[in-house]
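Q: No letters, just coordinates:
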């Protein structure tokens, strides 16, 4: 199935079609083999009244039976099997090459592919758009090719969106490329599929597929000045405006009053004053 009107076959559709073809052929072959086995078991079953006499001229061990024309049937069955298997291999491999090489960078409606850089770190994902906007939530338009350039800033990770059939290694110091097309709006989940530490099972991110108009509206509001869009529990507490988020813990030794919402040190009075030279808290 083509992704909308883009003229590009999405990887999810390709893998689904391959699975369906293999399932159909496997089921068909199984039915034929089992049916033929049961037929022969019934046809050549032992019947006492029709069993050949003991003195009948049977072939000896190692002797090839003559006549009957069975060789032609055997050759025909092998030939048909070879044609089916080879055709299936060529068809499957051609689609895998299509996935490996990537889709056209410009879709049928003239839209260029969206380029997004994906960086994995313990234990979160960060996405950077062409305008420099970074976010912990991947937002993409539907029916448009999305190219991902994946890397890692610490250890080996693996970025994957199972519903969209996309998966790629995140290797420190290297980049890997993958792509996908989402043909339906909705929210999906991206996970890490490489054991990367104690927080591996919590390393996920939301993937929001939006309509083309909604995406363009959202993207127009982003810019290089925005440090992040949404936060991850493992990321630094940074707001959309690049400032420090409310509730952030001040660095050790810093004046706690500079961090909005920062907790007061135990035993310190709210109205007390601090002698900075002596380091004594006065009541």
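A: All right, it came through fine. All figures in this text were calculated on a predicted structure; none of them were measured in a lab.
Q: Show me the shaky parts of the stretch 1-150 of the chain.
A: 1-7, 50-59, 64-71, 102-110 (pLDDT under 70).
Q: what about residue 74, is that helix, strand or coil?
A: Look at residue 74: counting by DSSP: H, G, I helix; E, B strand; the rest coil, its state is helix.
Q: residues touching it, list them.
A: With contacts defined as C-beta atoms under 8 Å, 6 or more residues apart in numbering, residue 74 is in contact with no residue. All C-beta atoms are positioned from the backbone trio N, CA, C, and that covers glycine.
Q: Just the helices from the stretch 101-250 of the chain, written as ranges.
A: 212-221 (DSSP state H, counting those that start in this stretch).
Q: hey, where'd the strands end up in the protein?
A: Here the chain has its strands, by DSSP state E, at 114-121, 124-128, 134-135, 138-141, 146-152, 157-161, 166-170, 176-180, 186-192, 204-210, 273-275, 280-282.
Q: want to throw the ones you listed into TSV with mean neighbour count and distance to residue 8?
A: Below are the strands of the chain laid out as TSV (neighbours: other C-beta atoms under 10 Å; distance: least, C-beta to C-beta, whole Å):
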stretch	mean neighbour count	distance to residue 8
strand 114-121	20	12
strand 124-128	20	21
strand 134-135	20	25
strand 138-141	22	13
strand 146-152	20	11
strand 157-161	23	17
strand 166-170	21	14
strand 176-180	18	9
strand 186-192	17	18
strand 204-210	19	15
strand 273-275	10	64
strand 280-282	10	66
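Q: Tally up the residues packed near residue 153, please.
A: Residue 153 has 13 neighbours, counted by other C-beta atoms under 10 Å.
Q: The strands of the chain: which one's closest to residue 95?
A: Residue 95 sits nearest to strand 176-180 of all the strands of the chain, at 14.4 Å, using C-beta to C-beta.
Q: what comes into contact with that closest one?
A: With C-beta under 8 Å, 6+ apart as the criterion, strand 176-180 contacts 10-12, 102-103, 113, 145-151, 159, 161, 164-170.
Q: Stretch 214-224 now?
A: Residues outside stretch 214-224 that contact it (C-beta under 8 Å, 6+ apart) are 129, 131-133, 139-141, 210, 229.
Q: Show me which pair in the residues you listed is furthest apart.
A: 132 and 210 (19.9 Å).
Q: mind listing what the residue nearest to residue 152 when sequence neighbours are not counted touches?
A: What sits nearest to residue 152 in space, not counting adjacent residues and going by C-beta to C-beta, 6 or more residues apart in numbering, is residue 170, at 4.0 Å. Each residue near residue 170 by C-beta under 8 Å, 6+ apart is listed here: 118-120, 150-152, 156-159, 176, 194.
Q: and which of those residues is nearest to residue 97?
A: Within these, proximity to residue 97 (C-beta to C-beta) peaks at residue 176, which comes in at 17.3 Å.
Q: Bridge partners for the closest one, pull those for me.
A: For residue 176, the beta-bridge partners are residue 150 (DSSP bridges).
Q: Select, out of the strands of the chain, the one closest to residue 25.
A: Using C-beta to C-beta, the strands of the chain put strand 166-170 closest to residue 25, at 25.3 Å.
Q: partners of that closest one, with directions?
A: Going by DSSP bridges, the partners of strand 166-170 are strand 157-161 (antiparallel).
Q: The partner strand to strand 186-192, inter-axis angle?
A: 160 degrees (axes from the mean of the first three to the mean of the last three C-alpha atoms, to 10 degrees).
Q: Let me know the average pLDDT across strand 157-161.
A: Averaging pLDDT along strand 157-161 gives 95.
Q: quick one: it to strand 146-152, angle?
A: If you take the same axes, to 10 degrees, strand 157-161 sits at 160 degrees to strand 146-152.
Q: Columns distance to residue 79 on top of the strands of the chain, output as a markdown table?
A: Shown next, in a markdown table, are the strands of the chain (distance: least, C-beta to C-beta, whole Å):
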| stretch | distance to residue 79 |
| --- | --- |
| strand 114-121 | 48 |
| strand 124-128 | 52 |
| strand 134-135 | 57 |
| strand 138-141 | 48 |
| strand 146-152 | 44 |
| strand 157-161 | 41 |
| strand 166-170 | 38 |
| strand 176-180 | 39 |
| strand 186-192 | 46 |
| strand 204-210 | 47 |
| strand 273-275 | 93 |
| strand 280-282 | 94 |
